[in-house]
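S.K.: just the structure for this:
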Amino acid sequence: MCLSPVSALENMEELKVHSDMTRTELGEVEGIPLTTMTCDTWDKIWAFQAKPDDLLIASYAKSGLDKAEEMPSPRTLKTHLSVQLVPPSFWEQNCKIIYVARNAKDCLVSYYHFHRMNLLMPEPGTWDDFFEKYVAGKVLWGSWYDHVKGWWEAKDKHRILYLFYEDIKENPRREILKVLQFLEKDLEKKVLDKIIHCTQFEVMKDNPMANYTSFPTEIMDHSISPFMRKGAVGDWKNHFTVAQNEKFDSDYKQKMAGTSLTFRMEL
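M.R.: Take a look at the predicted model:
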């Protein structure tokens, strides 16, 4: 999905369409790996007409176009697109955008397990194979580095609230209050408390509306890995070898040079 309503993937009719599919192949748009389905409909995606009161939630992965167009306003949409691939109407309409970034190492681990259990995703290969592809930016949605840095730079020119997964884990109330301020909304304390409770990882992990357990096993096989696996900060330590960590750190230092963007790899 490139632009979708936040609840679009819960639509069972859509699942019936996808249930006969095999693992997707990748194409490219402006050098960024995307699914062939996305590439085939790119003209329509690029021409998507945003509305001034649209809210776009963006993230790198493991972070329904027609359905999005049919939604009544105000619409909440989500995307994994790099900033340069966002349809221009979002900028023209000065839409508010919330971007959520996660540290590169944990993102890699989570993305690998998501590829394993989501049988529509490209075949991940072994952990070692996927590690190399991720570092090289040869995975679906492209380079993590380009993605997070591109959105970071864009926040100075557009109405973008840039949040960090690690901050949300550390202090969800503080980060939710940032969102409310950004959206210019006020909530009663009991409503805020309920949001904080319902968005805790362990609560969401048991919620069929969030954990994707309602999906057919032909699409998401939770016996391989649950969709909501750990949600931890620092789980990369259980996967990276010493050699991989050294290689990653060297590559990370080079690719993140010159940016003020910083991440915490553990809490």
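
S.K.: whichever strand or helix holds Val109 - contacts with which helices or strands?
M.R.: According to DSSP states H and E, Val109 maps onto helix 104-117. Applying 3 or more CB pairs under 8 Å, 6 or more residues apart in numbering; DSSP states H and E, we find helix 104-117 packed against helix 127-135, helix 144-154, helix 242-255. All C-beta spots, glycine's among them, are computed from the backbone N, C-alpha and C.

S.K.: now the second one: buried residues?
M.R.: Within helix 144-154, the residues that qualify as buried by neighbour count (16 or more other CB atoms under 10 Å) are Trp144, Tyr145, Asp146, His147, Val148, Lys149, Gly150, Trp151, Trp152, Ala154.

S.K.: how about a markdown table for the residues you listed, with pLDDT and distance to Thr217 added?
M.R.: Below are the buried residues of helix 144-154 laid out as a markdown table (pLDDT from 0 to 100; distance: CB to CB, whole Å):
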| residue | pLDDT | distance to Thr217 |
| --- | --- | --- |
| Trp144 | 98 | 29 |
| Tyr145 | 98 | 34 |
| Asp146 | 97 | 34 |
| His147 | 98 | 30 |
| Val148 | 98 | 33 |
| Lys149 | 98 | 37 |
| Gly150 | 98 | 36 |
| Trp151 | 98 | 34 |
| Trp152 | 98 | 38 |
| Ala154 | 98 | 39 |
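
S.K.: now, which of those sits nearest Thr38?
M.R.: Within the buried residues of helix 144-154, the smallest distance to Thr38 is 15.3 Å, found for His147 (CB to CB).

S.K.: you'd agree Ile98 is in a helix?
M.R.: No - using DSSP: H, G, I helix; E, B strand; the rest coil, the assignment for Ile98 is strand, not a helix.

S.K.: there's contact between it and Phe164 in this structure, I believe.
M.R.: No - Ile98 is not in contact with Phe164 according to CB atoms under 8 Å; the separation is 11.9 Å.

S.K.: just the strands in the stretch 51-200 of the chain please.
M.R.: Per DSSP state E, counting those that start in this stretch, the stretch 51-200 of the chain carries strands over the ranges 55-59, 76-79, 96-101, 160-164.

S.K.: ok, and the closest non-adjacent residue to Pro172?
M.R.: Leaving aside its sequence neighbours, Pro172 sits nearest to Ile196 (CB to CB, 6 or more residues apart in numbering; 5.3 Å).
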